[in-house]
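> got a predicted model here, sequence first, then my questions.
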2 protein chains.
Amino acid sequence: VSSRAGIVVTGTEVLTGRVSDRNGPWLAEQLRLLGVDVAQVIVVGDRRADLAAALSFLARSNVDLVVTSGGLGPTADDLTAEVVAEFQHRLMEVDEALHVRIAGIVQRLSAGRGWTLDPEATAHSNRKQANVPAGAHALEPVGTAPGLVVPPPPGSSSPLIVVLPGPPRELQPMWLSAVSDPLVTDALAGREEIRQRTIRLWGTPESELAAVLRENESRFTELEITTCLREGELEIVTRYHPQAENEYQDMHATIGQAFAATAFSLDGRTIDEIVADALTESASTIATAESCTGGLLASRLSAQPGASAYLLGGLVTYANSAKIDLAEVPAELIGQFGAVSEEVATAMADGARNRFGAEIGIGISGVAGPTGGTEAKPVGLVQLCLSRKGQTVAQRVQLPGDRIDVRTRAVMIAMHMIRQAFNGG
Amino acid sequence: VSSRAGIVVTGTEVLTGRVSDRNGPWLAEQLRLLGVDVAQVIVVGDRRADLAAALSFLARSNVDLVVTSGGLGPTADDLTAEVVAEFQHRLMEVDEALHVRIAGIVQRLSAGRGWTLDPEATAHSNRKQANVPAGAHALEPVGTAPGLVVPPPPGSSSPLIVVLPGPPRELQPMWLSAVSDPLVTDALAGREEIRQRTIRLWGTPESELAAVLRENESRFTELEITTCLREGELEIVTRYHPQAENEYQDMHATIGQAFAATAFSLDGRTIDEIVADALTESASTIATAESCTGGLLASRLSAQPGASAYLLGGLVTYANSAKIDLAEVPAELIGQFGAVSEEVATAMADGARNRFGAEIGIGISGVAGPTGGTEAKPVGLVQLCLSRKGQTVAQRVQLPGDRIDVRTRAVMIAMHMIRQAFNGG
């Protein structure tokens, strides 16, 4: 049997989309690794009643554990600790030893930043953050706020609640202390591993995949299969308990055979990891020249740890003069074919390769919009080129969506062009 | 009185964090503009029972409207339409005219991509997507899936449910048809505008802001004030009904005076917009040379529509040889001071300026990690420089967090250096 958990993400800034939530998904994944199934992630604003309603809903859904993130800061809208205490029928009291430790942390942090703090404001916020529900365990602060493990009132069937701070770099290390807390260990006893495996396809329509899954559905009864199309990749994620491992292996082989040409990742690696591995293993070097994507491909390649082994650098040649001077694109090419053309993208790729002394060059030129489109070259038209010694591969695509979509999708296509260059290219 | 709405985002890929949700926040903002207050965003996996539970919870929370996103695709795990129909006690029936239109769309789309589709698989998925609950209004497909407006059963106090597809570029245009549907207009009648205003500070600790808000709290009783610290910016968002406009103006002036030196945005503009406006209005040009941020600053500057007016281009000089050859950094500087030094960052900024003929140059060099740190230059150390004619501003920071955090925060600091260059710099 697996345990079930619910996650509550608090913060009006998350609810209204000013900040995108990284905690819900991260916690869901950590819980899965522990064999805990997450039923719901609920995002609520910094409002007492809405937070309380979310806790009640999860308690009624029979979860064994609730994890909350956010609302532990020093301002008045930070009220998670208080609302959780009330929900579990526990009074708040200042933990004096914790109070002293928090004051020490705040002192060190502000000294490091060269800030002079108003003593009264600081004392007030330290005291607020040292408030702990009676009978709860405090988790040592990573930033300035402690976390909390708050048990239900005696005799109640309410779930255990783990209260964590909002900033991911405080929440993540604190989660490690939380899972070794005896109250948490108890609540999660008797759980069973949930496996999760991912297969990714590039170039198969979702309906074809649906047909193959339908034909075989009687063989895959113990698998929870979900599919999702994003930025052109079709992703198949399967969750199952260990006893269904054979069934999963059967499905894995079925998909691998049915879509041999498009199943580019059968081992869970992302396109970013596959490209990084291919470049590393072949000891190749790469350089970019980007126009409409403005550095997005270079920043994606350089996001991988260890990228300096293969990424020599990149050019962002936004202005035509930069294409000519830096990417060595002959001015006549731009005059004759326009900046968005196979000829110019190829010259950019060659220029990047030459400038950085790299083996592989990528050139991208396009119309990201919202303006700048013409009838012949509308918004969304992107010309890509990959060049290396003795080989040039060009691709011209018309991408849907807004400026962000066009740029993101163009970079995704470039990543797959790099991957394909290593597959018998 | 304002109406209240709940949002349900479906998709195991969102619940488990493989895709970050863009729809919940977008819908929350659209609803606010219509005077509809969003209480909760609930993320559920592609599971019948969990989706049904989320709908029941929102119905019990007395919302007037529920908006769902996702789960309208052709695969078996796409079950939103079915679950919503059952929740509203309505049978599913094929809309024959819609069926014909969907088949036409699929035909055109696949022809455009040069795909040959399996006719049986296609027919099955078209039929699935043309299923509509009896008495519901179908919203014309933007992709291949229609949306739905599904009323409660007669005599029930259950909310109206608007069912939208998951891909943001299908959901967003379809929302416009949804709000003009008579069932939706009825459900939202009698609503009152909710204003939302944002103030941003750079360099004020949250505790100092909390103190000022606390001192004045008796004057701001009708304002819903939330604060949030992210990537070093302190954001204050205030929501209120129009009758509290004077109270808001009072608060706006109070914050503006108390934090005159750090309140860089009193009109809601983001740092990205402020930098874009400053560069455009002064007709300045800019170029970048990035090492550890690998193109992230250039991609952020170029993300703004119209960036070509001021962004001439950028260099990603990951390898030292690229710093020397392309950014014109003297090799001796790297030998003497190391790549992460004020001297090299300044030479990079000057090199970018010179190479692109730009007025402003930015150089960034640092240790993003996870490896590459030393005792003298640990992971997180970043050296930034802004240079223009007759002026050089350097900043050396030690940033916390992982590779992603260090890169993101370094770019944020660079954005503020650019802003400050226009404030009497």
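Sure, I can see it.
> all contacts plus neighbour counts: C-alpha atoms, from now on.
Will do.
> can you tell me the element the residue of chain A positioned farthest from its centre falls in?
Distance from the centre of chain A peaks at A:Glu332, with 43.0 Å (C-alpha atoms, centre = their mean). If you go by DSSP states H and E, A:Glu332 is part of helix A:331-337.
> A:Ala347: which element?
Going by DSSP H and E, A:Ala347 is part of helix A:342-356.
> hmm, that helix in reach of chain B?
Yes. Counting by C-alpha under 8 Å from any C-alpha of the partner chain, chain B is contacted by helix A:342-356 at A:Arg355, A:Phe356.
> and that helix, what does it pack against?
Contacts defined by 3 or more C-alpha pairs under 8 Å, 6 or more residues apart in numbering or on different chains; DSSP states H and E place helix A:342-356 against strand A:286-290, strand A:311-317, helix A:331-337, strand A:360-366, strand A:381-388, strand A:391-398.
> residues making contact with the second one?
Around strand A:311-317, the neighbours that count as contacts under C-alpha atoms under 8 Å, 6 or more residues apart in numbering or on different chains are A:285-291, A:294-295, A:298, A:301-302, A:323, A:326-327, A:352, A:356, A:358, B:294-295, B:298, B:312-319, B:322.
> buried ones in the helix or strand just after it?
The helix or strand immediately downstream of strand A:311-317 is helix A:320-325, counting by DSSP H and E. Under the neighbour-count criterion of 16 or more other C-alpha atoms under 10 Å in any protein chain shown, helix A:320-325 has A:Asn320, A:Ser321, A:Ala322, A:Lys323, A:Ile324 buried.
> thought the first one was touching A:Ala339?
Pointing back at A:Asn320 there. Yes. With contact defined as C-alpha atoms under 8 Å, A:Asn320 counts as touching A:Ala339 (7.4 Å).
> go through the helices and strands packed on helix A:342-356 and name the closest to A:Arg230.
Of all those, it is strand A:391-398 that lies closest to A:Arg230, at 16.6 Å by C-alpha to C-alpha.
> now do that closest one against helix A:342-356, angle only.
Angle of strand A:391-398 versus helix A:342-356, following axes from the mean of the first three to the mean of the last three C-alpha atoms, to 10 degrees, is 130 degrees.
> tell me the mean pLDDT over stretch A:54-70?
Stretch A:54-70 shows a mean pLDDT of 92 in the predicted model.
> end to end, how far does that stretch reach?
14 Å (C-alpha to C-alpha, to the nearest Å).
> quick one on the thing from earlier: can you lay out the helices and strands packed on helix A:342-356 as a markdown table showing distance to B:Leu31?
What follows is the helices and strands packed on helix A:342-356, written out as a markdown table (distance: least, C-alpha to C-alpha, whole Å):
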| stretch | distance to B:Leu31 |
| --- | --- |
| strand A:286-290 | 38 |
| strand A:311-317 | 38 |
| helix A:331-337 | 46 |
| strand A:360-366 | 34 |
| strand A:381-388 | 33 |
| strand A:391-398 | 32 |
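> in a markdown table: the ones you listed, plus mean pLDDT.
Shown next, in a markdown table, are the helices and strands packed on helix A:342-356 (pLDDT from 0 to 100):
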| stretch | mean pLDDT |
| --- | --- |
| strand A:286-290 | 98 |
| strand A:311-317 | 96 |
| helix A:331-337 | 96 |
| strand A:360-366 | 98 |
| strand A:381-388 | 97 |
| strand A:391-398 | 96 |
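> among the ones you listed, which is nearest B:Thr198?
Taking the helices and strands packed on helix A:342-356 one by one with C-alpha to C-alpha, strand A:311-317 is closest: 32.9 Å.
> tilt between the closest one and helix B:342-356?
Going by the same axes, to 10 degrees, strand A:311-317 makes 40 degrees with helix B:342-356.
> for strand A:311-317, what is the distance to the chain centroid?
25 Å (C-alpha atoms, centre = their mean, to the nearest Å).
> just stretch A:374-385 next, same as before
30 Å.
> what does it contact?
So stretch A:374-385 is in contact with A:340-342, A:345-346, A:349, A:362-373, A:392-401, A:406, A:410, A:414, going by C-alpha under 8 Å, 6+ apart.
> list only buried entries from the residues you listed.
Buried among these by 16+ other C-alpha under 10 Å: A:340-342, A:345-346, A:349, A:362-370, A:392-394, A:396, A:398-399, A:401, A:406, A:410, A:414.
> point out the residues in the stretch 1-150 of chain A that sit beside chain B.
A:12-18, A:20-22, A:24-26, A:28-29, A:39-46, A:50, A:57, A:74-77, A:117-118, A:121-122, A:125.
> how about a cut-off of 6 Å?
A:Thr16, A:Gly17, A:Pro25, A:Ala28, A:Gln40, A:Val41, A:Ile42, A:Val43, A:Val44, A:Thr75, A:Asp77, A:Ala121 (C-alpha under 6 Å from any C-alpha of the partner chain).
> any weak-confidence spans in chain A?
Scanning chain A for pLDDT under 70 picks out the ranges A:1-2, A:112-114, A:424-425.
> get me the contact residues on the stretch 201-350 of chain A for chain B.
So the stretch 201-350 of chain A meets chain B at A:210-211, A:294-296, A:298-299, A:302, A:312-319 (C-alpha under 6 Å from any C-alpha).
> which among these gets closest to B:Pro154?
Out of these, the member with the shortest distance to B:Pro154 (by C-alpha to C-alpha) is A:Ala210, at 35.8 Å.
> the closest one against B:Thr75, yeah?
Yes. Here A:Ala210 reaches B:Thr75: they are 5.0 Å apart, a contact under C-alpha atoms under 6 Å.
> which one of those two has more residues nearby?
B:Thr75 (24 against 20; other C-alpha atoms under 10 Å in any protein chain shown).
> need phi/psi at that one.
Per-residue torsions, B:Thr75: phi -90, psi 170 (degrees, to the nearest 10).
> so it versus A:Leu234, what's the distance?
Distance of B:Thr75 to A:Leu234, given as C-alpha to C-alpha: 12 Å.
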